[in-house]
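K.L.:
please work out how this folds:
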Amino acid sequence: MDIKIDEIVKQVLNEAGIQTPGASAAVLEKTPEFTGCEMGRCAVLASPETYEIKEYGLPEIGGKEILIRVEGCVVSPSDTAEFVKEKRTGQAAHLGQEGTGVIVKLGSSALRDAKGSLLKVGDRVVAVKKARGSVSTFRGNAVNPGAAAGWYGNYVVLQAGNQLYQANELDLESRLLTETAIAVNSAVERAAKLNRLDDTKKVIVLGCGLAGLITIAALKCKGIYHVIGIDGDEKALKLAREFGAEETVDYRVKNGVAGVQEKIRQPFGGSLADVVFHCTLSTAGKNSAKRFTKPGGAVCELGYVLGGSRASSKYYEESMPVGGRFHSAKDYEDCFAFLNKAAEKNLPLYKLVTHRYKLEQINEAHWAAIREEGLAIGVFNR
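P.N.:
I've put the predicted structure just below:
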């Protein structure tokens, strides 16, 4: 990807800890070769609403373990929930789940990832959630012995095997967005199968935030082009067009829902939608989504798929568990294929990481996420 002058300026400002409007593709500085004498640094939730950066000696790794230099981590809703809880010092669990990094040391030369690919030093990897929502196994460290040490640090020790994926072909932002992208892509795949979506169908994406924009990108990568993005923010609608929506509608038009329905009917044959992807947590949005579908159409509630309130089981397989769906190795392979195709189509996924913070700024990053600023909030090991 060519980096223009204005993007370089933004990158320099980000390195200095100065936030800029919008975002550009991250260019990580070249890191020195790993010697084994480095000190580990991790963010520990020392008290409610306060992380502290602690140093510790890097541990020796076992035969099935991998030492990874962290590149970055996205602040997730579970992170912010732990951040504001009244927990005793060091007792917060499952912090820093959605991260990525580079292998710097292997316990054995025969270790493989979940796809069976042989791992090597220099591979870029993502580690994923297990079934029932538990995080991949992280080794505790000298600061937090026995605790689950996540991606908020400069190094992390992981187990090789079925929760680790090699992702050398993906850029940094795509790897950071994997957890959201797999949930969205899996929902799009199921909705496409259940509703026989093809290039003749009209699809609405209601809510052009993080999940909505990834939904639009996934639809475009599947060859579904009759996509209408609906939102009340001009910036969100502009991004929706960049991500593949052929039409956009501002829901603040006159006559309320009736006015939006009229706008929906105008393009692509004059009918309402075959499928609506509801990507907001608003009850009013949920009711509106049903009014935007034509008779026999369907509503896919992405809020439910991403961990929100339960949706009508009518639109999902009967096997969908109440707490959400466990994503298999095949789901991750499909997700990586989608992210690669998005890159080939020049869909600007890097714009979804709207706020970038250094590890030392992790408290500010969590407050930005709590205030719902931007789309994805990234904490980088810089």
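
K.L.:
can you tell me which residues contact residue 50?
P.N.:
residue 363 (CB atoms under 8 Å, 6 or more residues apart in numbering). The way it works is simple: take the backbone N, C-alpha and C, and place the C-beta from them, glycine included.

K.L.:
if I look at it, how far off is residue 269?
P.N.:
Using CB to CB, to the nearest Å, residue 50 is found at 56 Å from residue 269.

K.L.:
now do residue 47
P.N.:
Using CB to CB, which is the criterion applied here, residue 47 is 58 Å from residue 269.

K.L.:
between the two, point out the one with more neighbours.
P.N.:
Comparing residue 47 with residue 269 by other CB atoms under 10 Å, the one with more neighbours is residue 47, at 13 against 9.

K.L.:
for stretch 37-48, buried residues please.
P.N.:
40, 41, 42, 43, 44, 45 (16 or more other CB atoms under 10 Å).

K.L.:
for stretch 182-191, same thing?
P.N.:
Neighbour counts over stretch 182-191 (16+ other CB under 10 Å) mark 182, 183, 184, 185, 186, 187, 188, 189, 190, 191 as buried.

K.L.:
which helices and strands sit right next to the helix ranked longest in the chain?
P.N.:
In the chain, ranked by residue count with DSSP state H as the criterion, the top helix is helix 178-195. Here helix 178-195 touches strand 98-106, helix 210-221, strand 273-278, strand 293-301, helix 302-305, helix 329-344, going by 3 or more CB pairs under 8 Å, 6 or more residues apart in numbering; DSSP states H and E.

K.L.:
which stretches in the stretch 51-200 of the chain count as helices?
P.N.:
Counting by DSSP state H, counting those that start in this stretch, the stretch 51-200 of the chain has helices at residues 77-83, 172-176, 178-195.

K.L.:
reformat those helices as a markdown table; add mean pLDDT and distance to residue 340.
P.N.:
Formatted as a markdown table, the entries for the helices of the stretch 51-200 of the chain read as follows, by pLDDT from 0 to 100; distance: least, CB to CB, whole Å:
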| stretch | mean pLDDT | distance to residue 340 |
| --- | --- | --- |
| helix 77-83 | 86 | 27 |
| helix 172-176 | 95 | 8 |
| helix 178-195 | 91 | 11 |
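
K.L.:
any chance of those in CSV, plus distance to residue 55?
P.N.:
As requested, these are arranged in CSV below (distance: least, CB to CB, whole Å):
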stretch, distance to residue 55
helix 77-83, 21
helix 172-176, 25
helix 178-195, 28
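
K.L.:
which one of those lies nearest to residue 202?
P.N.:
Ranking the helices of the stretch 51-200 of the chain by distance to residue 202, with CB to CB as the measure, places helix 178-195 first at 11.3 Å.

K.L.:
which of the buried residues of stretch 37-48 fall within strands?
P.N.:
The strands in this structure, assigned by DSSP state E, contain 40, 41, 42, 43, 44, 45 from the buried residues of stretch 37-48.
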